[in-house]
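In: Structure here, sequence nowhere to be found:
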């Protein structure tokens, strides 16, 4: 009798995080994993931060939802399709549509698709830096194959809902070409070549480990306060050219002009979140949505200073050696530990190029915490 193939994790070569998953013999849908194997999958996720399961182009939205939900027994509600994210002023308003029969799953991509998941026709638009960065690339730079990190972020409403533990992202239709693009780090003139519209990741644990002892101690005691309805608050503002945070020009929507909000729903989260499997500390700051930082000595950094501090801490983490940019292939199901990494969209598509993806994340029932060893 042939030996049963166990669930296996193969680290992604030359990457600072991530692993490719081989499913056990007889399992084609990860939602069908038994409890023991699914627990191994979850431990693998929290250990490797990003998991890629190939060959999942036929994965049903219901299965993707179940996989995502099983990663966090506390999850309640959903992030990604609430009215707030379709608000006319939100920077997320054009980033996807919900699957009618499984609204926790979002359809993302580029181009027009017919008869998908019961929808007669959907028009998708890939987010690009052109309408989000303060100083976009020039036409000449784009013609020469350059792109940008769009926005380094954690998937989270950051208002009233806790950050999801896991996000799942499925590549259903991906351009067949192996087109590449380049990203230039404008402050160092370093360049990297990436697959077109690859998704960038960095490990919050590696980011924390790289801090000085003094900064580690400061980060462990700091609370990050996010703006009410943060994606609406920042909508008139523009981002830095590396997508790390926003440029402070006083363009944000005044708090008294935002949709109605409650102080009790404003998110104040630790700057450092502790991994329950590895025990490692993860530096987790959503630099675009930060509003204030509260230091352990009672000092409060207001908006501009909080953004500067977020930038100072995060910028080293996006250096070429510290990131993994996933080159999407048809059928790739990526699971990432949303409480342990930050990620960014990259790239842009030429006219006529299309891509179709499904994304799912569900708000956790509890906020992440810092556990002092």
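Out: Yes, it's here. Just so we're clear, the structure is a prediction, and the values are computed from it rather than from any experiment.

In: Please count neighbours and contacts with C-alpha atoms only from this point.
Out: Will do.

In: Helix or strand next in line after the longest strand seen in the chain, which one?
Out: Longest among the strand segments of the chain by residue count, using DSSP state E, is strand 102-116. The helix or strand immediately downstream of strand 102-116 is strand 119-124, counting by DSSP states H and E.

In: other SSEs contacting that next one?
Out: Counting contacts by 3 or more C-alpha pairs under 8 Å, 6 or more residues apart in numbering; DSSP states H and E, strand 119-124 packs against strand 102-116.

In: what comes up buried for the strand it packs on?
Out: By 16 or more other C-alpha atoms under 10 Å, the buried positions in strand 102-116 come out as 102, 103, 104, 105, 106, 107, 108, 109, 110, 111, 113.

In: quick one: contacts of that strand?
Out: Strand 102-116 has contacts (C-alpha atoms under 8 Å, 6 or more residues apart in numbering) with 61-62, 64-65, 78-81, 95-99, 120-126, 349, 352-362.

In: returning to that earlier point: can I get the buried residues of strand 102-116 in a markdown table with distance to residue 201?
Out: Formatted as a markdown table, the buried residues of strand 102-116 follow (distance: C-alpha to C-alpha, whole Å):
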| residue | distance to residue 201 |
| --- | --- |
| 102 | 27 |
| 103 | 26 |
| 104 | 23 |
| 105 | 21 |
| 106 | 20 |
| 107 | 21 |
| 108 | 18 |
| 109 | 19 |
| 110 | 21 |
| 111 | 25 |
| 113 | 28 |
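
In: contact partners of stretch 119-138?
Out: By C-alpha under 8 Å, 6+ apart, stretch 119-138 touches 94-96, 100, 108-116, 146-150, 237-241, 243, 247, 345-349.

In: neighbours around residue 259, how many?
Out: 13 (other C-alpha atoms under 10 Å).

In: what does the model give it for pLDDT?
Out: In this model, residue 259 is scored at 96, pLDDT.

In: got a list of what the closest residue to it other than its chain neighbours touches?
Out: Excluding the flanking residues, the one nearest residue 259 by C-alpha to C-alpha, 6 or more residues apart in numbering is residue 229, at 7.6 Å. Contact analysis of residue 229 by C-alpha under 8 Å, 6+ apart lists 84, 157, 158, 159, 258, 259, 261.

In: circling back to that earlier point, show the buried residues in the contacts of stretch 119-138.
Out: So, by 16+ other C-alpha under 10 Å, the buried ones in the contacts of stretch 119-138 are 94-96, 108-111, 113, 146-150, 237-241, 243, 247, 345-349.

In: returning to that earlier point: adjacent strands (with direction) for the longest strand of the chain?
Out: In the sheet, strand 102-116 lines up against strand 97-99 (antiparallel), strand 119-124 (antiparallel), strand 355-361 (antiparallel) (DSSP bridges).

In: could I get those as CSV with mean pLDDT and mean neighbour count?
Out: Shown next, in CSV, are the strands paired with strand 102-116 (pLDDT from 0 to 100; neighbours: other C-alpha atoms under 10 Å):
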stretch, mean pLDDT, mean neighbour count
strand 97-99, 93, 20
strand 119-124, 94, 14
strand 355-361, 96, 24
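
In: Dump those strands to CSV, plus distance to residue 182.
Out: Formatted as CSV, the strands paired with strand 102-116 follow (distance: least, C-alpha to C-alpha, whole Å):
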stretch, distance to residue 182
strand 97-99, 29
strand 119-124, 24
strand 355-361, 20
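
In: Could you point out which of those sits nearest residue 16?
Out: Closest to residue 16 of these is strand 355-361 (C-alpha to C-alpha; 23.5 Å).

In: So what touches that closest one?
Out: Counting by C-alpha under 8 Å, 6+ apart, 61, 64-65, 68-69, 78-80, 104-111, 155, 164-175 sit against strand 355-361.

In: Could I have the buried ones of those residues as PyMOL selection syntax?
Out: Of the contacts of strand 355-361, the buried ones go into a single PyMOL selection, burial set by 16+ other C-alpha under 10 Å:
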select buried, resi 61+64+65+68+69+78+79+80+104+105+106+107+108+109+110+111+155+164+165+166+167+168+169+170+171+172+173+174
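
In: Inside strands: which ones of the contacts of strand 355-361?
Out: Going by DSSP E, the strands hold 104-111, 166-173 from those.

In: Greatest separation within these: which pair is it?
Out: 111 and 166 (26.8 Å).

In: Can you check the pLDDT for the closest residue to residue 196 other than its chain neighbours?
Out: Leaving aside its chain neighbours, residue 196 sits nearest to residue 180 (4.9 Å; criterion: C-alpha to C-alpha, 6+ apart). Residue 180 is assigned 95 on the pLDDT scale.

In: And residue 304, how far from residue 8?
Out: Using C-alpha to C-alpha, to the nearest Å, residue 304 is found at 45 Å from residue 8.

In: Oops, could you answer that again for residue 225 instead?
Out: Residue 225 is 39 Å from residue 8, by C-alpha to C-alpha.

In: now residue 309
Out: Counting by C-alpha to C-alpha, the gap from residue 309 to residue 8 is 39 Å.

In: Next: residue 246.
Out: For residue 246, the distance to residue 8 - C-alpha to C-alpha - is 40 Å.

In: The two: which is more packed in?
Out: residue 246 (27 against 15).
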